[in-house]
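J.: need a 3D model of the following:
(one chain, ligands or ions: 1)
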Amino acid sequence: MLYIVPTPIGNLEDITLRALRVLREEVSVILAEDTRTTRHLLDHYAIRTPLRAFHAHNEHALVDKVVTELSAGTAMALVSDAGTPGISDPGFLLVRACRQAGIRVECLPGPTAFVPALVASGLPCDRFHFEGFLPHKKGRKMRLKYLADLPHTFVLYESPHRLLRCLTELSEVCGQDRRACVARELTKVFEEIITAPLSELLAAFHQREVKGEIVVVVAGKTID
Ligand code: SAM
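T.: Have a look, this model is predicted:
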């Protein structure tokens, strides 16, 4: 049995009772993206389950070994540094391999950054496209062009030092009047959610040093 366990994106209280029970009692090993980050969470909840590193740089090499152990009956949980594994984080390769090997996989519902950003943005959330991180170089322009033409809201993950570049490029392809939202430091002390036309967001973030974790939500193209 493999459990996919979402963990807080900032506020340590954002973890379900079931997630805590699974991490504490149901598994013998927790596969963690960064064992130090997860240790901090486990210490907070006095959970002593052993941790093992499982991240983007070793997942290809480890998948077969983990599948063998799971097949032999070891119950494990997969967590990432924050939010839901598999969402712009390692997880897909392992889940696919488990499914192919007939191993039961359960993904617990829980925190992920794009849902609170989307819902709190005030932009239409009945239909949306999740893009995650844009490519930094190759294919970036093509992705932006594709996104700009979507008729529904789309969601990007962005790092603080690339926010201005991202807003500038979005403004070029979507037009500066398109409404968008910058959701920063969700669930944390300095949470900030600003929804405005791209031109205003650009002006606002131009004048300041941007820090923290960021989700950008952009309204879909309206057909005139
Ligand atoms: N697995 C995570 C999830 O379920 O959302 C995403 C992991 S991805 C490596 C990290 C990105 O998620 C950050 O660069 C940022 O775009 C977004 N993110 C994570 N925590 C956030 C927070 N507290 N506020 C805003 N964005 C956040």
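J.: for the closest residue to the ligand within the chain, what are phi and psi?
T.: Across the chain, the shortest distance to the ligand (CB to the nearest ligand atom) belongs to Gly83, at 2.5 Å. Where you see a C-beta, it was placed from the backbone N, CA and C, and this is true even at glycine. Main-chain torsions, Gly83, degrees, to the nearest 10: phi 80, psi -150.
J.: nearest residue to it in space, please, no chain neighbours.
T.: Thr112 (4.5 Å; CB to CB, 6 or more residues apart in numbering).
J.: what sits against the one you found?
T.: Pro6, Ile9, Gly83, Thr84, Ile87 (CB atoms under 8 Å, 6 or more residues apart in numbering).
J.: number of residues surrounding the fourth one?
T.: It stands for Thr84. 24 (other CB atoms under 10 Å).
J.: ok, now how distant is it from Phe130?
T.: 12 Å (CB to CB, to the nearest Å).
J.: returning to that earlier point: now flag whichever of the contacts of Thr112 is closest to Pro135.
T.: Ile87 (17.3 Å; CB to CB).
J.: over to that closest one: give its phi and psi.
T.: The phi/psi pair for Ile87 (degrees, to the nearest 10) is phi -100, psi 100.
J.: the one 3 residues further on too?
T.: Backbone geometry at Pro90, expressed as degrees, to the nearest 10, gives phi -60, psi 150.
J.: contacting residues around it?
T.: Shown in contact with Pro90 (CB under 8 Å, 6+ apart): Glu33, Phe54, His55, Ala56, Glu59, Leu78, Ser80.
J.: near the ligand, list only the ones from those.
T.: For the ligand, the contacts drawn from the contacts of Pro90 by CB under 6 Å from any ligand atom are Ser80.
J.: among the contacts of Pro90, which are located in helices?
T.: Glu59 (DSSP state H).
J.: redo the contacts of Pro90 as a markdown table? Include pLDDT, distance to Ser71 and neighbour count.
T.: Below are the contacts of Pro90 laid out as a markdown table (pLDDT from 0 to 100; distance: CB to CB, whole Å; neighbours: other CB atoms under 10 Å):
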| residue | pLDDT | distance to Ser71 | neighbour count |
| --- | --- | --- | --- |
| Glu33 | 96 | 23 | 21 |
| Phe54 | 97 | 17 | 26 |
| His55 | 94 | 22 | 16 |
| Ala56 | 93 | 24 | 11 |
| Glu59 | 93 | 18 | 20 |
| Leu78 | 98 | 16 | 27 |
| Ser80 | 98 | 23 | 26 |
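J.: got CSV for the contacts of Pro90, with distance to Leu17 too?
T.: Converted to CSV, the contacts of Pro90 look like this (distance: CB to CB, whole Å):
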residue, distance to Leu17
Glu33, 23
Phe54, 24
His55, 27
Ala56, 30
Glu59, 29
Leu78, 19
Ser80, 20
